[in-house]
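**Q** sharing a model that was predicted from the sequence below.
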Amino acid sequence: MPIYEYRCEKCSTVFEELVFDDTAPTCPECGATKTHKLMSRCCHTAGGACEGSASTSSRSGCAGCAGGNCASCGHR
């Protein structure tokens, strides 16, 4: 079961969701059901910096943060 990134159409919040089926997830911020699956970026870390990204300072968080928003630590 993969984890996907989604963007809410109503409030533009980007969030991660563990997907069990084809049902679109609900936005954790506003509760809207109109969300779009995003193309996630891969990130290789070395020494705490995300190599290959334009800005590493805005993507700092826990080790699980891949796109600047982490469901495990709440970093946005």
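**A** Sure, I can see it. Everything numeric in this text was worked out from a predicted model, so none of it was measured.
**Q** please name the nearest non-neighbouring residue to Pro25.
**A** Nearest non-adjacent residue to Pro25, counting by CB to CB, 6 or more residues apart in numbering: Glu17, 4.2 Å away. Heads up, the C-betas are built off the backbone N, CA and C, glycines and all.
**Q** so that neighbour sits against Cys8, correct?
**A** No: if you go by CB atoms under 8 Å, Glu17 and Cys8 don't touch, sitting 11.2 Å apart.
**Q** neighbour count: those two, which is higher?
**A** Per other CB atoms under 10 Å, whichever of Glu17 and Cys8 has more neighbours is Cys8, with 21 against 18.
**Q** list the contacts for that one?
**A** Val14, Phe15, Cys27, Glu29, Cys30, Ala32, Lys34, Thr35 (CB atoms under 8 Å, 6 or more residues apart in numbering).
**Q** what's the closest of the residues you listed to Asp21?
**A** Of all the contacts of Cys8, Thr35 has the smallest distance to Asp21: 14.4 Å, by CB to CB.
**Q** in this protein, which helix or strand is least confident?
**A** Across the helices and strands of the chain, mean pLDDT, DSSP states H and E gives its lowest value to strand 49-51, namely a mean of 56.
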